[in-house]
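Trainee: show me how the following folds:
(2 chains)
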Amino acid sequence: MSGHSNWPEWIYVAVVICLLVYVGAEAWNVERLVEHTPAEAEVIKVTGQQWFWTFEHADGTKEIGELHLKKGKPYKFDITAKDVNHAFNIHDYVILQDAIVGRINTAWFVPDKAGEYTIQCREYCGLLHYNMRGILIVEE
Amino acid sequence: MDKTIALMTVLTILIVLPTIQLVFAATDAHEYINRRVEIWNLFFKMMTIAFTVGAVVSGTLIWLVWRFRESHPNAKPTKYEGTEW
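Mentor: Here you go, the predicted structure:
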């Protein structure tokens, strides 16, 4: 190609590469922050089964359909299922993790506001899936 | 000199300030991230980039088609089209 400048193409390529690098770095960083569970987080075993949620606190206390947590404290959920696959979702705290039979998936969060929040199954798990709900009660 | 100042300003904004922020954030004990904020922020940033890239790419294509149409006043025949225009 003579008599033809191709610097705009190179700028275009460079801008695209920069954007891709930025997108990758940003997403990687946020994923790193979100995945990094604080060491002091209290572990809560979450078990999904047709069609309710069971929660077991670190001290052995069990709750069914309700989960009482303290505001400002970090919690780590160990999520599993007993019968078919479910998905554990606390919409208001952007927690969504599959509950898989024979496998433990984790998610952590810190409730920052006292109140009641809905827990909902987000994987179609049978007839009463729509009603497989729970209540998260965050106390002061 | 002006170029150096401009370059330094750009470097400061792009690299140094975020690094300082990151370092100080790490020393803040018991400051937990807010999952909701982090995830939604990422979503909005990615949407901004996606729409910007979409606008630039489709804008470039629209301009190319408009500028290099045969009926454009400044259109010139290429060697593949012969010299009779």
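Trainee: pLDDT at residue 52, what is it?
Mentor: If you meant another chain, say so; for now it's chain A. Model confidence at residue A:52, given as pLDDT, is 97.
Trainee: ah, I was thinking of chain B
Mentor: pLDDT for residue B:52: 91.
Trainee: just give me the neighbour total for it.
Mentor: Other residues lying near residue B:52 total 11 when counted by other C-beta atoms under 10 Å in any protein chain shown. No exception for glycine: its C-beta is placed from N, CA and C like everyone else's.
Trainee: chain B versus residue A:30, what's the distance?
Mentor: Separation of residue A:30 from chain B (C-beta to the nearest C-beta, to the nearest Å): 5 Å.
Trainee: how far does the one helix or strand that residue maps to sit from its chain's centre?
Mentor: Taking DSSP states H and E as the definition, residue A:30 sits inside helix A:7-35. Centre-to-centre, helix A:7-35 and its host chain are 24 Å apart (C-alpha atoms, centre = their mean, to the nearest Å).
Trainee: which helices and strands does the helix or strand following that helix pack with?
Mentor: Next along the chain after helix A:7-35, taking DSSP H and E as the criterion, comes strand A:42-49. Contact partners of strand A:42-49 among helices and strands, from 3 or more C-beta pairs under 8 Å, 6 or more residues apart in numbering or on different chains; DSSP states H and E: strand A:52-56, strand A:75-81, strand A:86-90, strand A:95-99.
Trainee: tell me where chain B has helices.
Mentor: B:2-11, B:17-27, B:35-67 (DSSP state H).
Trainee: now the longest one: buried residues?
Mentor: Counting neighbours by 16 or more other C-beta atoms under 10 Å in any protein chain shown, one finds that the buried residues in helix B:35-67 are B:35, B:38-39, B:42.
Trainee: what about it, near chain A?
Mentor: Yes: looking at helix B:35-67 against chain A by C-beta under 8 Å from any C-beta of the partner chain, the contacts come from B:35-36, B:38-42, B:45-46, B:49, B:53.
Trainee: repeat that for the first one.
Mentor: No: among the residues of helix B:2-11, none lie within reach of chain A under C-beta under 8 Å from any C-beta; the closest is 12.9 Å away.
Trainee: for that helix, buried residues please.
Mentor: By neighbour count on 16+ other C-beta under 10 Å, the buried set for helix B:2-11 is empty.
Trainee: and the average pLDDT for that helix is what?
Mentor: Mean pLDDT, helix B:2-11: 72.
Trainee: any idea how far that helix is from the chain center?
Mentor: Centre to centre, stretch against its chain (C-alpha atoms, centre = their mean), the figure for helix B:2-11 is 20 Å.
Trainee: export that helix as PDB, just CAs?
Mentor: The C-alpha trace of helix B:2-11 is given here as PDB (Å, rounded to 0.1, in the frame of the first residue of the first chain):
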ATOM      1  CA  ASP B   2       4.600  21.600  28.500                       C
ATOM      2  CA  LYS B   3       4.500  18.100  27.200                       C
ATOM      3  CA  THR B   4       6.200  16.800  30.300                       C
ATOM      4  CA  ILE B   5       3.700  18.500  32.600                       C
ATOM      5  CA  ALA B   6       0.800  17.100  30.500                       C
ATOM      6  CA  LEU B   7       2.300  13.600  30.600                       C
ATOM      7  CA  MET B   8       2.900  13.800  34.300                       C
ATOM      8  CA  THR B   9      -0.700  15.000  34.900                       C
ATOM      9  CA  VAL B  10      -2.100  12.100  32.800                       C
ATOM     10  CA  LEU B  11       0.200   9.600  34.600                       C
END
